[in-house]
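Asker: pasted the sequence and its predicted model underneath.
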Amino acid sequence: MNQQAKDKLVKEIFIECRPETLFSFFTDADKMKRWMGQHVLLEPKLGGKFRIDLNGNDIALGEYMEIVPNEKVVLSWGWEKSKLVPPGSSKVEFRLQAQDHGTLLILSHYDLPLEEIESHVKGWTHFMKRLLASAGDPDPQPIRDSK
């Protein structure tokens, strides 16, 4: 069996909204669609499934592993057609920390193959910027393929 090295990435962003406002962007499909996908299906409960169609081609799948209202959401994560990062093969943690007049969002993505780190850093950078804009300016425009 071929063992691949695994690693994690961590990204932080400050968003000027309360943690309870930001939390809803991880549990409400309509709000998640504003920053992350064209079609979003969520079951925001322990063991609940999610499916995020980012652009008609890339589909993220997994389940909710931990939910602490207004503080943390942990998801198993993977891509529908990926052999390197199949559904459930990695874990994404969103931690929300109240700070000044907003929330510090700390995203940690664990168990990624080393060759997938760069593309996931690029992807999360893109989506965190969209989340920043969506939480502060509720633009209901869905994501389009950015490739």
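Answerer: In hand now; what should we look at? Numbering: from 1, shown residues only.
Asker: now the helices: where do they sit in the protein?
Answerer: Using DSSP state H, the helices assigned to the chain run over residues 19-23, 29-36, 117-136.
Asker: quick one: buried residues of the first one?
Answerer: It refers to helix 19-23. 19, 21, 22, 23 (16 or more other C-beta atoms under 10 Å). Any C-beta I mention is one placed from the backbone N, CA and C, and that applies to glycine too.
Asker: next one: stretch 92-107
Answerer: Buried-residue list, stretch 92-107, by 16+ other C-beta under 10 Å: 92, 93, 94, 95, 96, 102, 103, 104, 105, 107.
Asker: please name the nearest non-neighbouring residue to the last one.
Answerer: Excluding the flanking residues, the one nearest residue 107 by C-beta to C-beta, 6 or more residues apart in numbering is residue 11, at 4.7 Å.
Asker: just to revisit the earlier point, nearest to residue 38, out of the buried residues of helix 19-23: which one, please.
Answerer: Nearest to residue 38 among these is residue 22, at 21.6 Å by C-beta to C-beta.
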